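1. Following is a predicted model, sequence given first.
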Amino acid sequence: MPSALGISFIAPWAITPLLMVGGAFLCYEGVEKLAHKFLHSQEEDATEDAELARALADPAVDLVALEKEKIKGAIRTDFILSAEIIVITLGVAAAMPLMERAMVLATIAVLMTVAVYGIVAGIVKLADLGLRLSKRRRPLARGLGGFLMAAAPQLMRALTIIGTIAMFMVGGGILSHGFAPLHHLSGSAAEAAHGIPGAGGVLGAITPILVSTLAGVLAGIILLVAVKLVTRMLPRKASAWSRHRARFQPVAQ
């Protein structure tokens, strides 16, 4: 938040480019998730799972390094998303005096931290709560605990799907608003859909969302291809998981 205020005071022209960069990153992350899921065969996933299981069973493997490698991408995405929310708020409050602008940003920051990340933290702890309840003596508590333990993985899978769609919607929406031809195309499509008899009102409302989502997917695909081409030309630095994975390569062969 202080960085956003500083940017609005020193270089207000940089707000829109920062929004575009953040939106493009969200689209890239979304496509990367989909590519990892659909472009890997079941055999590759099974081999990777087996190698990870052997790594976890090996006392010489640094599990902390593996865990840090796993959560680093999630932290980066959350940071970008949080920064996008602050910058969007900053764009809305750009005409306000400095103190009012700071109060608006602080309010949004607190609300997002408590409402969004607090809820996410609660969902992550559902399985732990279910485990505690399942150890109680009362049948009702044990039944509720078993339900929570069974429901937590399904809820996390649903949140993964919803979160990926949201990345395309938010990232694509930011790109469409910042890129004039795409913004005009979205408006024209919404007007055309609004003129359809019967369902025009509903279609006119959802058409801009669909256009933004499709734009986010397309932008993510372009960025993913570009990143893959660049990384192939650059020397690769092995990650913690890659270094541990290499130890098991002879076994897999």
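-> That came in fine, so what should we check first? Because the structure is a prediction, the values reported are computed rather than measured.
2. only C-alpha atoms for contact and neighbour calcs from this point on.
-> Fine.
3. which residues touch Thr16?
-> Shown in contact with Thr16 (CA atoms under 8 Å, 6 or more residues apart in numbering): Gly178.
4. could you dump the host helix or strand of it to PDB, C-alpha only?
-> For Thr16, the enclosing helix or strand under DSSP states H and E is helix 15-38. Taking C-alpha atoms only, helix 15-38 is exported to PDB below (Å, rounded to 0.1, in the frame of the first residue of the first chain):
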ATOM      1  CA  ILE A  15      -0.700   2.900 -12.700                       C
ATOM      2  CA  THR A  16      -2.200   1.600 -16.000                       C
ATOM      3  CA  PRO A  17       1.000  -0.200 -17.200                       C
ATOM      4  CA  LEU A  18       1.400  -1.900 -13.800                       C
ATOM      5  CA  LEU A  19      -2.200  -3.100 -14.100                       C
ATOM      6  CA  MET A  20      -1.600  -4.500 -17.600                       C
ATOM      7  CA  VAL A  21       1.600  -6.300 -16.400                       C
ATOM      8  CA  GLY A  22      -0.200  -7.800 -13.500                       C
ATOM      9  CA  GLY A  23      -3.200  -8.800 -15.600                       C
ATOM     10  CA  ALA A  24      -0.900 -10.500 -18.100                       C
ATOM     11  CA  PHE A  25       0.800 -12.400 -15.300                       C
ATOM     12  CA  LEU A  26      -2.500 -13.700 -14.000                       C
ATOM     13  CA  CYS A  27      -3.400 -14.900 -17.500                       C
ATOM     14  CA  TYR A  28       0.000 -16.600 -17.800                       C
ATOM     15  CA  GLU A  29      -0.400 -18.300 -14.500                       C
ATOM     16  CA  GLY A  30      -3.800 -19.600 -15.400                       C
ATOM     17  CA  VAL A  31      -2.700 -21.100 -18.700                       C
ATOM     18  CA  GLU A  32       0.300 -22.600 -17.100                       C
ATOM     19  CA  LYS A  33      -1.900 -24.500 -14.600                       C
ATOM     20  CA  LEU A  34      -4.100 -25.800 -17.400                       C
ATOM     21  CA  ALA A  35      -1.100 -26.800 -19.500                       C
ATOM     22  CA  HIS A  36       0.400 -28.700 -16.600                       C
ATOM     23  CA  LYS A  37      -2.800 -30.500 -16.100                       C
ATOM     24  CA  PHE A  38      -3.800 -31.400 -19.600                       C
END
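5. just how off-centre is that helix within its chain?
-> Helix 15-38 has its average C-alpha position 8 Å from the chain's average C-alpha position, going by CA atoms, centre = their mean, to the nearest Å.
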